[in-house]
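Participant: Could you look at this predicted model? Sequence included:
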Amino acid sequence: MEAFLHSDFPFDPSTSTSAPSAYWVGPRHLAGDDGRLYDAVAEMLADLGWTSVTIVRGRQELDEVPEDRQVLPSIVLHISPDTLRWAQWILPDEPFHLGSLPIAWQVSARADTSSPLAQWSAYFTRDVPGEVLADFLVALDARDQPAVPLGGPELVVDAVAAHGWLRDVDQPGVRAVDPTFASHVRLGEVPPLIQDADPLALVAEADEAVLAGWQAWAEPVFGAGYLWAASFGASVPHDLVAAFADSLSSTAPVLRRVLPESTQDRLLRAPAD
């Protein structure tokens, strides 16, 4: 749905007794997750027929009666019907971090059912727009062979360039930035702990070439911290990363009731109700 967006429209409900409770906003790469990153993705996966399993952890003190035992939700695992791909909501389980932000979703795929090990994994922090992660998972679900590479890295930069993002002058085939220089995509060395089936991604020596994976992030104000970050293992097919990049850079507005504090002044918005 297209909507005319106004950058000077008041967002704070306290500024008007008739202020709308929801807005169409853009650009989506700065719109955050609306506080619904789990719900938005889980609902979409349920529509695709994926099964969800909740893994809980509990703790009990020596003198604690059974009814007082604390049971805390941990990982929620969503599995595709063919079991070749899965998505884990790991935020409550004290995950590791990307750019100082905790990982919220981990998405993985394997080549066949004979091995329990993932061929590749991708990681997404909170405030990645739910629509973008959903589009990535829809593309993954549509793949007959989710671990087989399709296309080259040019697919990713072409996807964002088609929406007006700028190619890097020095590395135009593997790096791009949005026109406000807030959000980035690049192919390069993956951060520590990013899992990949190729052992070279984890054991390369300091003087050896390392496998490259796609990274994406938003840093609305340089040096002031990231809004969100995403990391794709070296074996993630380029066409799937391109689906993520295409949705991330889309100019279509998204519906929001909650906006990130760091980008409220940079978002165009129009009332949705």
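Facilitator: Arrived safely.
Participant: Run through the residues that contact the nearest residue to Thr51 once chain neighbours are set aside.
Facilitator: Leaving out its chain neighbours, the residue that sits closest to Thr51 by Cβ to Cβ, 6 or more residues apart in numbering is Ile79, at 5.1 Å. Backbone N, C-alpha and C define where each C-beta goes, glycine included. Shown in contact with Ile79 (Cβ atoms under 8 Å, 6 or more residues apart in numbering): Trp50, Thr51, Ser52, Val53, Arg85, Trp86.
Participant: residue ranges with poor pLDDT in this structure?
Facilitator: By pLDDT under 70, the low-scoring segments of the chain are 1-20, 57-73, 94-95, 195, 197-210.
Participant: hmm, back to that, in the sheet, which residues pair with the residue nearest to Thr51? Tell me.
Facilitator: Thr51, Trp86 (DSSP bridges).
Participant: separation between Gly130 and Arg28?
Facilitator: Distance check for Gly130 against Arg28: by Cβ to Cβ, to the nearest Å, it reads 10 Å.
Participant: Give the helix, strand or coil label for the closest residue to Val174 other than its chain neighbours.
Facilitator: Nearest non-adjacent residue to Val174, counting by Cβ to Cβ, 6+ apart: Leu187, 3.9 Å away. Three-state secondary structure (criterion: DSSP: H, G, I helix; E, B strand; the rest coil) places Leu187 in strand.
Participant: so how many other residues sit close to Leu187?
Facilitator: Other residues near Leu187 come to 20 when the count uses other Cβ atoms under 10 Å.
Participant: what sits against the residue nearest the centre of the chain?
Facilitator: Residue closest to the average C-alpha location in the chain (Cα atoms, centre = their mean): Phe124, at 3.8 Å. If you count contacts by Cβ under 8 Å, 6+ apart, Phe124 has them with Ile103, Ala104, Trp105, Gln106, Val107, Leu133, Trp228, Ala229, Ala230.
Participant: ok so the last one is a strand residue?
Facilitator: Right, the one you point to is Ala230. Yes - counting by three-state DSSP, one finds Ala230 located in a strand.
Participant: OK, contacts around it?
Facilitator: Taking Cβ under 8 Å, 6+ apart as the contact definition, Ala230 lies against Leu98, Ala122, Tyr123, Phe124, Thr125, Val128, Gln215, Ala216, Trp217, Phe244.
Participant: which of these lies closest to Val236?
Facilitator: Of all the contacts of Ala230, the one with the least separation from Val236 (Cβ to Cβ) is Ala122, at 5.6 Å.
Participant: quick revisit: okay, and which of the contacts of Ala230 map to strands?
Facilitator: The strands, defined by DSSP state E, take in Leu98, Ala122, Tyr123, Phe124, Thr125, Gln215, Ala216, Trp217 from those.
Participant: and the residue nearest to the last one when sequence neighbours are not counted, how far is that from Ala87?
Facilitator: Once its chain neighbours are removed from consideration, Trp217 has its nearest residue in Ala229; the separation is 4.2 Å (Cβ to Cβ, 6+ apart). When Cβ to Cβ is the yardstick, Ala229 and Ala87 sit 17 Å from each other.
Participant: Near Phe222, how many other residues are there?
Facilitator: The number of residues packed near Phe222 is 8, by other Cβ under 10 Å.
Participant: How about the nearest residue to Gly188 once chain neighbours are set aside: which residues does it bridge to?
Facilitator: Distance criterion Cβ to Cβ, 6+ apart; nearest residue to Gly188, sequence neighbours excluded, is Ala212 at 5.5 Å. According to DSSP bridges, the partner residues bridging Ala212 are Glu189.
Participant: check contacts around Ala212.
Facilitator: Taking Cβ under 8 Å, 6+ apart, we find Ala212 in contact with Val174, Leu187, Gly188, Glu189, Val190, Ala234.
Participant: roughly how far apart are Pro253 and Val25?
Facilitator: When Cβ to Cβ is applied, the distance between Pro253 and Val25 equals 6 Å.
Participant: mind listing the helices for the stretch 51-200 of the chain?
Facilitator: Applying DSSP state H, counting those that start in this stretch to the stretch 51-200 of the chain gives helices spanning 130-142, 154-161, 200-203.
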